[in-house]
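[1] let's see this in three dimensions:
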Amino acid sequence: MRIFFSYSLLVLLLLPSILNGQIWQTELNDLRDITTLFNRDMSDNKVQNNYISIEGSPYLFDDFRKGEVLLKDGKLFKGEFRYDKYADQVEFKVKQGNFWIANPAYIDYVKIDTTLMLFIQKDIEQPDKGSYYVVLVSGKIQLILKKGSILQSAEDPKPYVDAKPAKFLNRKDLYYLLNESNTPVRITSKKVLINELSDKSSEISKFIKSNKISYKKEEDLIYLINYYISL
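    Numbering: from 1, shown residues only. Okay, the predicted model is just below:
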């Protein structure tokens, strides 16, 4: 089982306050000055590659891709990122290695290539307990997607059957609506859609019926939510 290490993004969050609190932008390309300033040894906080013996991939994209992280205080960081669906963590790449974003509650959004992601807290009293979601539609209500991977255990050899290594498998995609309360509501039926879009329930009901909208199909949900936002 992979041991997950986390890199403290708080180091990056604290540095701007030293620089007169100005809104600024920086590239995530060198931690040397930051780690020296805070006298931190980052060697024990790197992401360790313990997926080598496991078939398949837990990543949304296998490679690191250019992207950005916007913090809730307006500070923007650019660099190379990837999302681990199994660990539900965002990694970023710098000269010193790969690190976790360990304080996701400070994040407004993460953008990896063209994929926009939000971190949504489960409990306000535990700010770093939550999950990342992919944003499919953004507006007065948001359509978001929870991606995930599961780890299928290795199988020992049997008579006439070779051993099978552990393997990552894609978990079923889960779709949610996110309103101003910032609480994801999972879409499990057409009734949920109508209830969550209740201010336009009559129009939504007719639209679902006339367009044969399926709550299980991503393209149908995108079509429906874009229609709702246009009303």
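[2] could you list the buried residues of the longest helix along the chain?
    The longest helix of the chain (DSSP state H) is helix 218-230. Using 16 or more other CB atoms under 10 Å as the test for burial, helix 218-230 gives 221, 224-225, 227-229. In short, each C-beta sits where N, CA and C put it, glycine included.
[3] surely G139 meets L231?
    No: assessed by CB atoms under 8 Å, G139 is found out of contact with L231, at 10.7 Å.
[4] quick one: the residue lying closest to I112 once chain neighbours are set aside from I225, how far?
    Closest residue to I112 apart from its sequence neighbours, by CB to CB, 6 or more residues apart in numbering: G67 at 4.1 Å. With distances taken as CB to CB, to the nearest Å, G67 is found 24 Å from I225.
[5] ok, how many other residues are close to S53?
    Residues near S53, counting by other CB atoms under 10 Å, number 8.
[6] for A87, see how far away Q121 is.
    Taking CB to CB, one finds Q121 at 17 Å from A87.
[7] pull out the buried positions in the strand ranked longest in the chain.
    Counting residues, the longest strand found in the chain (DSSP state E) is strand 126-137. By 16+ other CB under 10 Å, the buried positions in strand 126-137 come out as 130-137.
[8] do the same with stretch 136-151
    136-137, 141-149, 151.
[9] which of these lies closest to A166?
    L151 (6.1 Å; CB to CB).
[10] just the CA atoms of the helix or strand the closest one falls within, as PDB, please.
    Using DSSP states H and E, L151 maps to strand 149-152. Extracted C-alpha coordinates of strand 149-152, given in PDB (Å, rounded to 0.1, in the frame of the first residue of the first chain):
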ATOM      1  CA  SER A 149     -10.000   4.900  -8.700                       C
ATOM      2  CA  ILE A 150     -10.200   1.700  -6.700                       C
ATOM      3  CA  LEU A 151      -7.300  -0.700  -6.000                       C
ATOM      4  CA  GLN A 152      -8.000  -4.300  -6.900                       C
END
